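Chemist: missing the sequence, but the structure's below:
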């Protein structure tokens, strides 16, 4: 019988009855990263049930939930919620792989949704310091995590209209407004006047901040060549080929320039499928390089207990 057609039994089970599987795919667990889960379990208990299968002598072998099992032990829990499923070794491996690569498992919240949820919880506390302590993070982390929940009406409108590529770009605009309201207003007005389909990234906003006149400098796209595709030429010839076509001036009233290569271009050696997988797991767009990098930095710092 296939896993999806099998029956489950939900029970609150003694942790002492659950044995880790030596063949489990998760062989390395970051102890620093586990601290956040331990803290959450101490406050709320284990939210998602572990999956176990019957073993010998009235014991059970873990199928899914090794991090939760270890964290529950460290949190001092004696019982955890489990689903008992009789599965084969082959099925157990499939379940573990599919769960850990994110297929069929929950997706991360969109940044604004996450920010709104965190802020709603934080508002229950008397101070940001108390709220941050509840999350097991620093007040700085809390401020950054809720920034997207406090966007102005103008910036929110640009984000919802698709004029800004990401929440991180919108948050950056709000930061500018706190330092230089006039420049921020000028940038917002420029973005609002963009033609349909035109949008700006966090990098464009950063360029505008460094520009004395607050102009957003965006790269104009060169028209497609009428001759054979460049991709058909040998790499050596492509590298030696001089730039024969100058980009035509854009009709957009915002000033144009050719910024430095994007992180994606500089990191072209990264497997695109891995970028997409990470983006899917984080609930972000694979094209939003700034948001992806910012999220990965946040996750890394949190794992190291530095957030």
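Modeler: Nice, I can see it. Quick caveat: nothing in here was measured; it's all calculated off a predicted structure.
Chemist: so where's the stretch 201-307 of the chain shaky on pLDDT?
Modeler: Applying pLDDT under 70 to the stretch 201-307 of the chain picks out residues 209, 211-269, 279-288, 290-291, 301-307.
Chemist: try it again with 50
Modeler: Across the stretch 201-307 of the chain, residues meeting the criterion (pLDDT under 50) sit at 219-268.
Chemist: so residue 292: helix, strand or coil?
Modeler: Of the three states, residue 292 takes helix under DSSP: H, G, I helix; E, B strand; the rest coil.
Chemist: please report the distance of it from residue 298.
Modeler: Applying Cβ to Cβ, to the nearest Å, the value for residue 292 to residue 298 is 11 Å. For the C-beta atoms, the positions are set from N, CA and C on the backbone; glycine is no exception.
Chemist: higher neighbour count, these two?
Modeler: A side-by-side neighbour count of residue 292 and residue 298, using other Cβ atoms under 10 Å, places residue 292 first with 21 against 16.
Chemist: please report the distance of the more buried one from residue 137.
Modeler: 21 Å.
Chemist: got the contact list for the helix or strand containing residue 177?
Modeler: Following DSSP states H and E, one finds residue 177 within helix 167-179. Under the contact criterion Cβ atoms under 8 Å, 6 or more residues apart in numbering, helix 167-179 has outside partners 110-112, 115, 147-148, 150-152, 155-156, 158-159, 164, 183-185, 187-188, 200-202, 204-206, 209, 288, 290-291, 294.
Chemist: which of those fall within helices?
Modeler: Taking DSSP state H as the definition of helices, the contacts of helix 167-179 contribute 111-112, 115, 155-156, 158-159, 183-185, 187-188, 202, 204-206, 209, 290-291, 294.
Chemist: make a ChimeraX selection of the buried ones in the residues you listed.
Modeler: Remark: buried members of these, expressed as a ChimeraX selection using 16 or more other Cβ atoms under 10 Å:
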select :111,112,115,155,156,158,159,183,184,187,188,202,204,205,206,209,290,291,294
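Chemist: for residue 61, phi and psi?
Modeler: Taking degrees, to the nearest 10, you get phi -100, psi 140 for the backbone angles of residue 61.
Chemist: residues touching it, list them.
Modeler: Here residue 61 is in contact with 18, 19, 21, 52, 53, 54, 55 (Cβ under 8 Å, 6+ apart).
Chemist: need the three-state assignment for the fifth one.
Modeler: The three-state label given to residue 53 by three-state DSSP is strand.
Chemist: most remote residue from this protein's center?
Modeler: Distance from the centre of the chain peaks at residue 57, with 43.1 Å (Cα atoms, centre = their mean).
Chemist: do you know how far that one is from residue 171?
Modeler: Per Cβ to Cβ, residue 57 is found 55 Å from residue 171.
Chemist: what about the strands in the protein?
Modeler: For the chain, applying DSSP state E gives strands covering 9-14, 18-19, 50-54, 60-64, 79-84.
Chemist: export the ones you listed to TSV and tack on distance to residue 273?
Modeler: Below are the strands of the chain laid out as TSV (distance: least, Cβ to Cβ, whole Å):
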stretch	distance to residue 273
strand 9-14	36
strand 18-19	35
strand 50-54	28
strand 60-64	24
strand 79-84	32
